[in-house]
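[1] Below are the sequence and a predicted model for it; my questions follow.
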Amino acid sequence: VQTCALPISITGCKIKGSKADGIFNTGGCKRVSVVGNHIESSGDDGISVVSYLADAAQIEDVSISGNTVLNSLARGITNIGGKNVTISSNTINGTSSSGVLIAEDSAALSRIPQNTSVTANIITNAGQTLPRVGNQYGVELAGQVSGPILGTVISNNVIKTPYQRGACLVSSCVFKCKHY
């Protein structure tokens, strides 16, 4: 499912075995809601928000909540260049790369993500799905190619059995983990 309309809601979908991202949000979309979906065995990211420099506008005001992502062949959920993105109360189990990624992708000429909240997610087995690719962290914040990623808050997530680090932060953010 590729989206861009004003506003848009993707709710209650079941997506299995896609050859690319399960749900791909791009093209300067605004006011996007991705809620209560089940994505399994996606060929790339389970749910992605991507804002390219070539897009007329930055994708913004995106809410990703209550989704289940299983056995993604890349990351579970990504924000690559989006603004005001909330990733909350999702269940991610089994990824080839990081469970959640917030990043600027200089190779893809993406924008810098701004104001991302990653809260109350359950991330299990990040980087445990074969073949492993990239980093295998529970939550990964990677920035400062073109400038710092600002306004990121990562809090109250449960991260279990990542292949590498539970969280890797290479930019400025606030980070709080839930202890269990």
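    Received the coordinates, thanks.

[2] Just give the strands next to the lengthiest strand in the chain in its sheet, each with its orientation.
    Looking across the chain with DSSP state E, the single longest strand is strand 152-160. According to DSSP bridges, strand 152-160 has the following sheet partners: strand 114-119 (parallel), strand 122-124 (parallel), strand 173-177 (parallel).

[3] For the second one, buried residues please.
    Within strand 122-124, the residues scored as buried using 16 or more other CB atoms under 10 Å are Ile122, Ile123, Thr124. The C-beta positions use only the backbone N, C-alpha and C, and glycine is treated the same way.

[4] repeat for stretch 104-116
    Residues of stretch 104-116 classed as buried under the neighbour-count rule (16+ other CB under 10 Å) are Glu104, Asp105, Ser110, Arg111, Ile112, Pro113, Gln114, Asn115, Thr116.

[5] repeat for stretch 92-101
    Quick answer for stretch 92-101 (16+ other CB under 10 Å): Ile92, Asn93, Gly94, Thr95, Ser96, Ser97, Ser98, Gly99, Val100, Leu101.

[6] hang on, isn't the last one packed against Arg75?
    In this case it means Leu101. Yes. Counting by CB atoms under 8 Å, Leu101 does reach Arg75; the two are 4.7 Å apart.

[7] measure Gln114 to Ile15 for me?
    Distance of Gln114 to Ile15, computed by CB to CB, to the nearest Å: 28 Å.

[8] how about Asp21, secondary structure?
    Assigned state for Asp21: coil (three-state reduction, DSSP: H, G, I helix; E, B strand; the rest coil).

[9] quick revisit: ok, of the strands paired with strand 152-160, where does mean pLDDT dip lowest?
    Lowest mean pLDDT within those: strand 173-177, a mean of 55.

[10] picking up where we left off before, Throw the buried residues of strand 122-124 into a markdown table and include distance to Leu70, thanks.
    Listed next are the buried residues of strand 122-124 as a markdown table, based on distance: CB to CB, whole Å:
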| residue | distance to Leu70 |
| --- | --- |
| Ile122 | 12 |
| Ile123 | 12 |
| Thr124 | 10 |
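
[11] So Val153 versus Val133, what's the distance?
    27 Å.

[12] Excluding sequence neighbours, find me the nearest residue to Leu53.
    Nearest non-adjacent residue to Leu53, counting by CB to CB, 6 or more residues apart in numbering: Leu109, 4.8 Å away.

[13] Test my guess that that neighbour contacts Tyr52.
    Yes. Using CB under 8 Å, Leu109 makes contact with Tyr52 at a distance of 5.8 Å.

[14] and Val133, what is it in contact with?
    Leu73, Ala74, Ser96, Ser97 (CB atoms under 8 Å, 6 or more residues apart in numbering).
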